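**Q** Predicted coordinates and the sequence they were generated for:
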Amino acid sequence: MEQQNLSALIWSVADLLRHNYRQSEYGKVILPFTILKWLDCVLEPTKEDVLAEYAYKKKLGIPPVPFLLRKAGQSFYNISPLDIKKLMGYQDHITLNV
């Protein structure tokens, strides 16, 4: 995504938050969610493989961390079955899955 498009997207989200947050509070909301969305996008291509590998290694009783890192192709991974898309419209029930 180009810098200008990203900036426009972030400011459009700020406009949506205008009535719920003071302008000085935008950064407390926008920055964390921007980072979460970025992480979600980075991990999306390998998400299913990581979840399958985690279930398999857990079943065998093998420590999964090195295998999950390799599957994710990153220095981090996520074993939650939830992602940003699945959480949208589900905000009242998120704590049930934590």
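**A** That came in fine, so what should we check first?

**Q** In what element of secondary structure is the most centrally placed residue in the chain found?
**A** The residue lying closest to the centre of the chain (C-alpha atoms, centre = their mean) is Asp40, at 3.5 Å. Asp40 belongs to helix 26-43 when assigned by DSSP states H and E.

**Q** what mean pLDDT would you report for the helix or strand just after that helix?
**A** Sequence order places helix 47-60 as the next helix or strand after helix 26-43, per DSSP H and E. Average pLDDT, helix 47-60: 97.

**Q** re earlier: so how far is the helix holding Asp40 from its chain's centroid?
**A** 7 Å (C-alpha atoms, centre = their mean, to the nearest Å).

**Q** Going by contacts, tell me the helices and strands next to it.
**A** Under the contact definition 3 or more C-beta pairs under 8 Å, 6 or more residues apart in numbering; DSSP states H and E, helix 26-43 sits against helix 3-17, helix 84-87. No exception for glycine: its C-beta is placed from N, CA and C like everyone else's.

**Q** The ones you listed: lowest mean pLDDT?
**A** helix 3-17 (a mean of 73).

**Q** neighbouring contacts of it?
**A** Applying C-beta atoms under 8 Å, 6 or more residues apart in numbering, the external contacts of helix 3-17 come out as 1, 26, 29-30, 33-34.

**Q** Kindly recompute the last result at 10 Å.
**A** Helix 3-17 is contacted from outside by 1-2, 21, 23, 25-27, 29-31, 33-34, 37, using C-beta atoms under 10 Å, 6 or more residues apart in numbering.

**Q** ok, now which ones touch the nearest residue to Val50 once chain neighbours are set aside?
**A** Spatially, and ignoring its direct neighbours in sequence, Val50 is nearest to Lys71 (4.8 Å; C-beta to C-beta, 6 or more residues apart in numbering). By C-beta under 10 Å, 6+ apart, the contact set of Lys71 is 46-54, 64, 77.
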